[in-house]
Structures are given as C-alpha cells and as structure tokens.
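Student: model the following, please.
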Amino acid sequence: MYRICFLMVFIIGCSISIMAQQKPNLLLSKVVDNHTVQLKWYGPEVYNTDAVNIYRKPVDAADNEWTKLNNQPISRLEKVPDAAPNSKQMLFAETMKKGIEERSKSIFGLLILLESFESQNFARYLGLYFEDTTATSGQTYLYQTRLVKKTGKETDFATSEPVKAIVSMPFEPPHAIEADGVNGKVMFKWQVETTRFYGVNIYRSETRNGEFELITPQPILFSQVVKADSTIGYPDVFYTDDSLEINKSYFYYMEARGFFSDSSVPSEILEVLVKDKIAPVPVRGLAFERPDKEALGIQLTWEKGPDIDLAGYYVQRKVTGDFVTVSSLIPAEQTNYTDLPPSPNSYLYRVISVDRSDNQTPCEDIIVRVTDNIPPAQPKNLKTEGKEGAIILSWDANADADIMGYYVYRMESDLRNHEMLMLNADFVSKNAFIDSLPKIAKNTFVYRVAAIDSAWNIGPKSELSEARMPDVTAPITPFIRRGYREGDAIRVEWLPNLDIDLAGYELYRSEALDSNFQWVSMHPAGLLDTSVLNFMDTNLKAGMTYAYQLFALDMDGNKSAPSNIYKVTTNPPVVQVPPAPKLSLKYDKKEKSLKLKWKQEPNDALTGSVVFRKEANGRYIPLSGMLTKEKEYTDTDLSPTKTYTYQLRTYYADGNMTTSEPVAIVAE
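Tutor: Predicted coordinates for the structure are as follows:
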C-alpha cells in the first residue's frame, strides 16, 4: 500500500499549513459541552513564538464589546504537560529547544503540526490551545486571537466562525466519497473540508460483516498541488489501496480526523469491486496461408498468449475505414482461424486478445492480398420475349458480390450445335439485354448469358432460352392470273405465293362493278390451303359479270395487300325463241328486183335478223346488215338467168339463232 499524502508536498518546499489554502491564519473551535469551547489557532509558521490573547463576544455584539478570556498571554510552555519521559512529544520539545536546521524545518514542522492536532497538551505546549469554560449554553459567539508584541501592542491574528455553545450533531465523516477498483487497486477521493477535519482514516474488510482493519497508519492528509497541466488544485486520487485481488469485492468505511484529537462517526460501508483493466499481451507470429488456391479462404495462425486469464481471441479485418470483427470468440487454446473474404482485395488482418474481464489488445496488422480464381455462378431463369424489332432478355441477378456484368450469346435455333455468337464486346452491368433485329427477321433464336466478376473470371453459360420476333411483315400481294367460264360456273386461278410462312388465301367476290364493290368471302369457314391455286365459283346468275379479289395470309395473321381485280361474265340466260320466220318472195321483172318479206313475233331477247343469199351452189353470204325492226328486204343486185337462194337468220341475246327455210328463185 502507499498513501498519496501531502507529506511529499511539504518535503519539496510547499507550506506546511494544511488549512491555510484560503486564509493566512485560522482559528478553529470545538464545542465540548454546553459551557466549554476548545480553541486552536494556526498560522503559516508553526514555530511562531509570539504570545496571544483570546477574546470573545456575542455574535451580534458591537466591535467594542470583545471580552478578554485569558489572564496572561498564551505562549509556548517550557515543557509538554503530562508528557511521558522519552515520549515523542518530549523528543519534539527537546528538538525545538535545540533549534531546527533550515533544511529540516518543513518536515519537522509537519510532524509537530500533526501532533498538535492529536494532542491538546502538545498544542497547549506550542501555545496554540485555549479552553473556554465560561460559555453560556445556547449563546453564539465569535472568538478572536490577537498577537501580543514585546511592546505589549496587540495585533489581530484570526477570528473564528460563529460558535454556538451547545452540543449539536455528531462529527460527520467525509462527504462525497468516491472509490474505484481497477487492476488490483482501489483509489479513493472525497470532499475536502479544511475547517472541519485535517485527515482521513480508512478501514477495510473482505466481507461486509467481517472485522475491519485500519489500512492507513497515519491519517491521509490533503492539500492543493501543482498538477501536470501547471494548474493548482487537489489531486485526482487521495489514497490508493493496492495489492488486491482482481475481480474481488472489498468493503471500506472512513473516519475523518478532527483538529481536537477526535474522530468522526464512520461513513457508510462501501462495496468496491476490483475490476480487471489490465489488457492482455498481444499475440505474436500472426501469419496466413491460402489452403485452396482456387478459393478465397484465408487461414490465419498465431502464437498463444501468456495471460493466465486469457478468454480467447477475435479476428478482425478491414479494407478501408474501421476494422470489422469477422469471428465469434475463439477459445484461448485455439490459435488458427479460416476467414472467407467477401471478394478479392487487399485486406488488413489482426487478432484481438481478450481476457475474462473483456480487456482487449490488438496485435500488429498483416496485409493479405486475396486474388480471385473462382468464376461466378451460372445465371438462372433466363427469359426471352419477342417484341417488334427486338428480343428482350432478362434473368436473375447473380448473388456473387464481385459481379461486374454479363455477356450475352445468340445463335439461330436450327444451328444450336454450332458455336454461339457473343453479342456484346463490353459486358452489360444489368441483368437485362435488348437484342435489336431487323423487323423482317422471322428466325427463331437461341440465347444464353454468362456472368463475369471483377477478376475477369467468366462463369458457365445459362440454360438455353429461345424466342422469335412477332411477324409484322405481310405476305407478297397475290396475283389472279385468269378467270373463265366453265359451264355455268366460273373458275378463278392465281399464281402461288412464295412466302415461307404462308398460311393460306382468302378469295372474295363482288357483283357490283363500280367503285363500291361489295366483297363477300367465298369460303367463310376458313382459309384456302396454300396448295390450292384455283377456285370453282358455282350457283351464279346467268349473264352476270363478277369481280374477284384475292388476299394472302401468313402464320402470324398478317394479311397481304389485295390482288388485282379479275372480272368474268357468266353465260347469258337460255331464251325460248319462236320458230324461224317463213320467207315470201315477189320478183319485179320490170325493175329487176326481188322483195323478201317475213313475219316476226315480238321478243325482248331478239337482237335482229340478217338476210343471207347464195348463187347456185355457192355459200351463203350476208346480204343485209342486222335488221332490228325491219320485216322486209329488197334485193336489186340480180343478174338474169341466175338462180338465187335466200335464207333469213334471226339472232337472240342469249346467243340463240334461228334459220328460215331457204327459198330459191331464177331471175328472168
């Protein structure tokens, strides 16, 4: 144990006065009973030999009402009253008579000062003590000491605080006691009250109800000192009790020592746990290796620490900023740890030694360069969707922390056994990609993606995903090559379309032939197959002209522009015609002319009649033009003696024709 006391302060030349921090002189008092007040007075020089007189007055009395209490001036005595032979007090008195060397005055002055606190007789010997036995109970007084010079003149020395002549509260222990146990020591501090007590005794026990032992052979003194920052004040610790067990509780109480050889009542018992704040020794020999060159794992090893209370170790690492603890508490007997860094990088590692009181000490750092030889994982859930002019790709983002991006690969579906084409020389950072294609592309494409990490390792390609763009290109415009009557029906023929995704044809017909065509599908139940290149249209009206138009459609429902319009007229209707008219002839010799007549029944389908003639055995040639209303004809181109044969041919709108019986005549 050691004491932080102001003995050392005095030894190095500071004032021996403990009380004179604020006042040059001090008059102390203690009420013994209702009629007795003890007085002691101190100044900067304990060796002062000047005599003093003691005065008293009621606290409210005027300054001219001081009453002198002593008959003779009080000064140092020749000997110490009631001192035992060879006692400490006798030794002090003899030394003072002989004279004190200058170099010893400070320490000797402190010793006799302390003795004056502990002994009223020694204080009386020093001329520092007076006992007032004439006080009136309950009266409050002021006391004053005055120095008496050799000339008999008095000068003020000190005036007391107000003193009430009545025994009041007991002498209280030090206030605001603080005790802190750490590293085998308990350090104490309390409130300094220089007019109430001069020192403190400390008692200790290992149990609350056990026997307490005084651990301060002398009362702990206190005074202001010059601190490390050059300021003057009380130290941070007044007393330290050392050589104690760590993590054990001790029990203490204190007593204040007064100026009249009295002690205060004990303080409350303090329980102080001596905590361990001694950090363990840092580990040595921290080293590392990579057991698997293809993995990121780092195995750290170190030497076991020597501390007997070592609880274990923590492993910490950092790239930038603060260290991060990456392990749970590693047992003290284990001297290795395998860490898996999140990504390739240069890391600082250190091991923290931890004792059972959670004191921690880091060792020196080591730097570990972790290179990445591990390719990233295969991308999952690749999805492809065809849009107009593009294929949209998306997939799950890789969980690898060091992913930089992805490469995208493509091939045509028919070539899936061939090498795939990488679409992006620069990797894409997002888990999505748009493959822009010509709108007319109708191929089905197969895609894969692969991840690349920050060490430029390329992982395995994803599973295949295929897609094609929607077909927005209409088929080539078809062409109707011809249409013709086939009996009462019409057959329409067209050229074959060469579109590879052709789904079929749609054929439409309209009876209207002006600009307002009324198109009607010829096969509402579905498309005409791609192998069909003609269509037979039946159930038609006779003599009607029909228009036809054709469309080609592909497998995505795209419809071509309309084909050319092809028109076909059906056969005219069959007309019931009357029998051929009968010709009558009348020859005019004089005029050399022949008049032909016939009877013709009215008929809406009648187109007209033509007179034919032949000479002898020749062939019939038309003699007249088309006679639409005429029912007679005169032939004037006759030659005598020739035989002429006449025939009337009648024409109808449906193509029918009737021929009269031939009539012959010889011209005269």
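Student: nearest spatial neighbour of residue 464, skipping sequence neighbours?
Tutor: Nearest non-adjacent residue to residue 464, counting by Cβ to Cβ, 6 or more residues apart in numbering: residue 446, 5.3 Å away. For glycine as for every other residue, the C-beta is placed from the backbone atoms N, C-alpha and C.
Student: count the neighbours of that neighbour for me.
Tutor: Using other Cβ atoms under 10 Å, residue 446 has 19 other residues around it.
Student: mind checking the SS state of it?
Tutor: Here residue 446 is recorded as strand under DSSP: H, G, I helix; E, B strand; the rest coil.
Student: show me the contacts for it.
Tutor: Counting by Cβ atoms under 8 Å, 6 or more residues apart in numbering, residue 446 touches 410, 411, 412, 413, 416, 420, 464, 465, 466.
Student: how close does the residue lying closest to the third one once chain neighbours are set aside sit to residue 410?
Tutor: In this case it means residue 412. With sequence-adjacent residues excluded and distances taken as Cβ to Cβ, 6+ apart, residue 412 is closest to residue 443, at 5.2 Å. Distance, residue 443 to residue 410, using Cβ to Cβ, to the nearest Å: 10 Å.
Student: more crowded one of those two?
Tutor: residue 410 (19 against 13).
Student: quick one: contacts for that one?
Tutor: By Cβ under 8 Å, 6+ apart, the contact set of residue 410 is 420, 421, 423, 435, 445, 446, 447.
Student: now it. Its backbone dihedrals?
Tutor: In terms of degrees, to the nearest 10, the main-chain angles of residue 410 are phi -150, psi 150.
Student: equivalent analysis for the one 3 residues further on, please.
Tutor: In terms of degrees, to the nearest 10, the main-chain angles of residue 413 are phi -60, psi -40.
Student: distance check, the spatially most central residue of the chain against residue 296.
Tutor: Most central residue of the chain, judged by C-alpha distance to the mean C-alpha position with Cα atoms, centre = their mean, is residue 401 at 14.3 Å. Going from residue 401 to residue 296 by Cβ to Cβ gives 10 Å.
Student: joint contacts of those two?
Tutor: Taking Cβ under 8 Å, 6+ apart as the contact rule, residue 401 and residue 296 both touch residue 343.
Student: end to end on stretch 35-55, go ahead and measure it.
Tutor: 16 Å (Cα to Cα, to the nearest Å).
Student: mean confidence (pLDDT) on it, please.
Tutor: Mean pLDDT, computed over stretch 35-55, is 85.
Student: likewise stretch 422-432?
Tutor: Here the average pLDDT along stretch 422-432 is 90.
Student: other residues contacting it?
Tutor: Residues outside stretch 422-432 that contact it (Cβ under 8 Å, 6+ apart): 379, 392-398, 404-410, 433, 435, 452.
Student: now do the buried residues in it.
Tutor: 423, 427, 428, 431 (16 or more other Cβ atoms under 10 Å).
Student: quick one: it to chain centroid distance?
Tutor: In this view, stretch 422-432 has its centroid 25 Å away from the chain centroid, taken as Cα atoms, centre = their mean, to the nearest Å.
Student: got the CA positions of that stretch in PDB?
Tutor: The C-alpha trace of stretch 422-432 is given here as PDB (Å, rounded to 0.1, in the frame of the first residue of the first chain):
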ATOM      1  CA  MET A 422     -21.200 -13.100 -78.400                       C
ATOM      2  CA  LEU A 423     -23.400 -10.100 -78.900                       C
ATOM      3  CA  ASN A 424     -21.700  -7.600 -76.500                       C
ATOM      4  CA  ALA A 425     -18.000  -7.000 -76.600                       C
ATOM      5  CA  ASP A 426     -18.500  -4.800 -73.500                       C
ATOM      6  CA  PHE A 427     -20.300  -6.600 -70.700                       C
ATOM      7  CA  VAL A 428     -23.700  -5.300 -69.600                       C
ATOM      8  CA  SER A 429     -23.900  -4.400 -65.900                       C
ATOM      9  CA  LYS A 430     -27.600  -5.100 -65.500                       C
ATOM     10  CA  ASN A 431     -29.400  -8.400 -65.700                       C
ATOM     11  CA  ALA A 432     -31.300  -7.400 -68.800                       C
END
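Student: by mean pLDDT, flag the weakest helix or strand of the protein.
Tutor: helix 7-11 (a mean of 34; mean pLDDT, DSSP states H and E).
Student: burial measure for residue 509, as a count.
Tutor: With other Cβ under 10 Å as criterion, residue 509 counts 20.
Student: re earlier: may I see the ChimeraX selection of the buried members of the contacts of stretch 422-432?
Tutor: Those of these that count as buried under 16+ other Cβ under 10 Å are selected in ChimeraX with:
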select :379,393,394,395,398,404,405,406,407,408,409,410,433,435,452
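Student: please flag which of the contacts of stretch 422-432 sit within strands.
Tutor: 392-394, 404-410, 433, 435, 452 (DSSP state E).
Student: looking at those residues, spot the one nearest residue 88.
Tutor: The shortest approach to residue 88 among the ones in strands among the contacts of stretch 422-432 belongs to residue 404, at 88.8 Å (Cβ to Cβ).
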